[in-house]
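>>> with the sequence up front, the predicted model follows.
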Protein chains: 2
Amino acid sequence: MDTSHPLPPDAERPLLAVDVVIFSLRQRDLQLLLVRRRYPPFKGRWAIPGGFVHVAESLEQAARRELEEETGVHAVYLEQLYTFGEPRRDPRGRVISVAYVALVPADVTARAGDDAAQADWHSAHALPALAFDHAEIVQYALQRLRYKLEYTAVGFELLPHEFTLSELQAAYETVLGERLDKRNFRRRLLEAGILEETERYREGESQGRPARLYRYRRDAVTEVKARRLFP
Amino acid sequence: MDTSHPLPPDAERPLLAVDVVIFSLRQRDLQLLLVRRRYPPFKGRWAIPGGFVHVAESLEQAARRELEEETGVHAVYLEQLYTFGEPRRDPRGRVISVAYVALVPADVTARAGDDAAQADWHSAHALPALAFDHAEIVQYALQRLRYKLEYTAVGFELLPHEFTLSELQAAYETVLGERLDKRNFRRRLLEAGILEETERYREGESQGRPARLYRYRRDAVTEVKARRLFP
DNA sequence: CCAAAAGTGTTGGTTTTACACCCATGG
DNA sequence: CCATGGGTGTAAAACCAACACTTTTGG
């Protein structure tokens, strides 16, 4: 950054916001958390959670703070998505939004923050009209999520700590929007060495034979040279 | 972005900069353009070109403006990389930098902008000490470039309009840092259908049999479902 | 004992890799 | 005529996709 002095008179001093697209799997559906705006502009519209970055706060800290305000969770998957900075994206003036994507396990519940009247989960495939350019942000986030899931093992972040292989497969199918072959799916994930078998079984929750529970190996090598998990 | 009013008193109004990592291939080496800072902080240090975003200017416009100031080129490959916003990354105060990556053809020449004493190409593998957090930005840009090159056909953007297959292969080898098999490389690129044979040959420039010139088919489908070009 | 879901291998086709020689030109 | 880089095919190995039955439990 060549911030040569003197500062050019036409340099922008925008407001700086972070917005977080929070994905979760609930009822076998990919959902994301939206809050209803209490104040203009776009009063009453749904929006993705976000807020201004505080003084001396890093972007990621700000994103985690927003995430925690809405969901109470802290230690979850979070990555920077893209920065949206069109001059007129906010009618009140120049606001730069650094968008993040978060993946939270299915057992997390939404809670309304101070700024939002309601916070609710919405199916990613049937979203209401959104405030600002948030529809664009969500589109981009979805694309990134699918992409990530194909190439990396990030799918676990959407499930509880322990899960069955069928649950994991259902998660992949929901996000990717396609059916996968059970045997090939299992083989691939087990061979990838990122799962750890537990001694426990999912019992009673449904008919049929109880399924073994697995957990994600936190110590697994994330990926050295990406090879598609599901080509 | 939930920009609920009233504005929180602790909201940040940072300066907004764009920085552009400009890659090019010269002398069979992957190089990037650096400018020497004329003013403090980091006076005299090398930095990647960049500057503040003007009022009512989009982020991409700002990046293209900086790019053009340094190189004179306009219509080249440019993509947003990442946003760096650590509170203390600039000693003068809070400055958010939206970093971009640009790929320019080998025949582009650097020219010093107003703000920079010099602008020069440096090998990506032997960089001087850089100002601010620019070393980190460059590291990240290199990673992204390698990644892109493996999965997409973006390599052409680093070459002149017409090029031989050997030149293209050398470009890939330089960026990826590994040798590729000539026959496999050719087969794959030709089968991908993104190259167009010209009637011309690269003659006289070196010993040996003249090589056919190819050009990139601008109308080519960039990629539907990414498949690695070089697994 | 029936319904429901879990679990498990093999085969054929495709893709990928490894590899060596002849060709056209300039000096 | 020799040195230099351009151009070309094939065979073995690895990988992927498709496919059906047995096992375990709860009702």
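That came in fine, so what should we check first?

>>> regarding chain A, what is its longest strand?
Scanning chain A for the strand with the most residues, using DSSP state E, yields strand A:15-26.

>>> now the least confident helix or strand in chain A by mean pLDDT against strand A:15-26, angle please.
Ranking every helix and strand in chain A by mean pLDDT, DSSP states H and E puts strand A:116-123 at the bottom, with a mean of 86. Calculated by axes from the mean of the first three to the mean of the last three C-alpha atoms, to 10 degrees, strand A:116-123 forms an angle of 50 degrees with strand A:15-26.

>>> between strand A:15-26 and whichever helix or strand comes after strand A:116-123, find me the angle.
Per DSSP states H and E, the first helix or strand lying C-terminal to strand A:116-123 is helix A:134-151. If you take the same axes, to 10 degrees, helix A:134-151 sits at 50 degrees to strand A:15-26.

>>> just the C-alpha atoms of helix A:134-151, please, in PDB.
Provided in PDB are the C-alpha atoms of helix A:134-151 (Å, rounded to 0.1, in the frame of the first residue of the first chain):
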ATOM      1  CA  HIS A 134     -27.000  -9.200   0.700                       C
ATOM      2  CA  ALA A 135     -28.500 -11.500  -1.900                       C
ATOM      3  CA  GLU A 136     -25.300 -11.200  -3.800                       C
ATOM      4  CA  ILE A 137     -23.200 -11.900  -0.800                       C
ATOM      5  CA  VAL A 138     -25.300 -15.000   0.000                       C
ATOM      6  CA  GLN A 139     -25.000 -16.200  -3.600                       C
ATOM      7  CA  TYR A 140     -21.300 -15.900  -3.400                       C
ATOM      8  CA  ALA A 141     -21.100 -17.700  -0.100                       C
ATOM      9  CA  LEU A 142     -23.200 -20.600  -1.300                       C
ATOM     10  CA  GLN A 143     -20.900 -21.000  -4.300                       C
ATOM     11  CA  ARG A 144     -17.900 -21.000  -2.100                       C
ATOM     12  CA  LEU A 145     -19.400 -23.500   0.300                       C
ATOM     13  CA  ARG A 146     -20.100 -26.000  -2.400                       C
ATOM     14  CA  TYR A 147     -16.700 -25.500  -3.800                       C
ATOM     15  CA  LYS A 148     -15.000 -26.000  -0.400                       C
ATOM     16  CA  LEU A 149     -17.000 -29.100   0.200                       C
ATOM     17  CA  GLU A 150     -16.000 -30.700  -3.000                       C
ATOM     18  CA  TYR A 151     -12.300 -30.100  -2.400                       C
END
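
>>> helices or strands up against it?
Counting contacts by 3 or more C-beta pairs under 8 Å, 6 or more residues apart in numbering or on different chains; DSSP states H and E, helix A:134-151 packs against strand A:15-26, strand A:77-84, strand A:95-103, helix A:165-176. Bear in mind the C-beta positions are built from the backbone N, C-alpha and C, glycine included.

>>> A:P87: which element?
Assigned by DSSP H and E, A:P87 falls within no helix or strand.

>>> so how far is A:V138 from the nearest residue to it once chain neighbours are set aside?
Spatial nearest neighbour of A:P87, chain neighbours left out: B:A56 (4.6 Å); criterion: C-beta to C-beta, 6 or more residues apart in numbering or on different chains. The gap separating B:A56 from A:V138 is 26 Å, by C-beta to C-beta, to the nearest Å.

>>> more neighbours: these two, which one.
More crowded of B:A56 and A:V138, by other C-beta atoms under 10 Å in any protein chain shown: A:V138, with 22 against 11.

>>> from A:V101, how far out is that one?
10 Å.

>>> quick check: neighbours shared by those two?
A:V21 (C-beta atoms under 8 Å, 6 or more residues apart in numbering or on different chains).

>>> hang on, the earlier thing: tell me the pLDDT of the residue nearest to A:P87.
Looking at B:A56, its pLDDT is 94.

>>> over to it. Which of the three states is it?
Following DSSP: H, G, I helix; E, B strand; the rest coil, B:A56 is assigned to coil.

>>> wait, isn't it in contact with A:E86?
No - using C-beta atoms under 8 Å, B:A56 makes no contact with A:E86, being 10.0 Å away.

>>> in contact with the most centrally placed residue in chain A, which residues?
Taking C-alpha atoms, centre = their mean as the criterion, A:A102 is the residue nearest the geometric centre of chain A, at 2.9 Å. A:A102 makes contacts with A:20-23, A:63, A:67, A:76-78, as judged by C-beta under 8 Å, 6+ apart.

>>> counting neighbours, which of those comes out on top?
Neighbour counts for the contacts of A:A102, by other C-beta under 10 Å, peak at A:V20, which reaches 30 neighbours.

>>> the residue in chain A that DNA strand C sits nearest to: neighbouring residues, count only.
Across chain A, the shortest distance to DNA strand C (C-beta to the nearest atom of the strand) belongs to A:G208, at 2.5 Å. By other C-beta under 10 Å, 6 other residues sit near A:G208.

>>> cool, A:D120 as well?
15.

>>> can you name the residues bridging to it?
Beta-bridge partners recorded for A:D120 (DSSP bridges): A:L34.

>>> thought it was touching A:R26?
No - A:D120 is beyond contact range of A:R26, at 11.1 Å (criterion: C-beta under 8 Å).

>>> per-residue confidence at A:M1?
You'll see A:M1 listed with a pLDDT of 56.

>>> can you check A:D29 too?
89.

>>> how about it: what's its closest non-neighbour residue?
Leaving aside its sequence neighbours, A:D29 sits nearest to A:S123 (C-beta to C-beta, 6+ apart; 5.2 Å).

>>> now A:Y214. Nearest residue, chain neighbours left out?
Per C-beta to C-beta, 6+ apart, closest to A:Y214 is A:L195, 4.7 Å.

>>> how near is that neighbour to DNA strand D?
17 Å (C-beta to the nearest atom of the strand, to the nearest Å).

>>> so what pairs up with that residue in the strands?
In beta-bridge terms (that is, DSSP bridges), A:L195 pairs with A:Y216.

>>> that one against A:R215, yeah?
Yes - A:L195 is in contact with A:R215 according to C-beta under 8 Å; the separation is 7.4 Å.

>>> lovely, talk soon.
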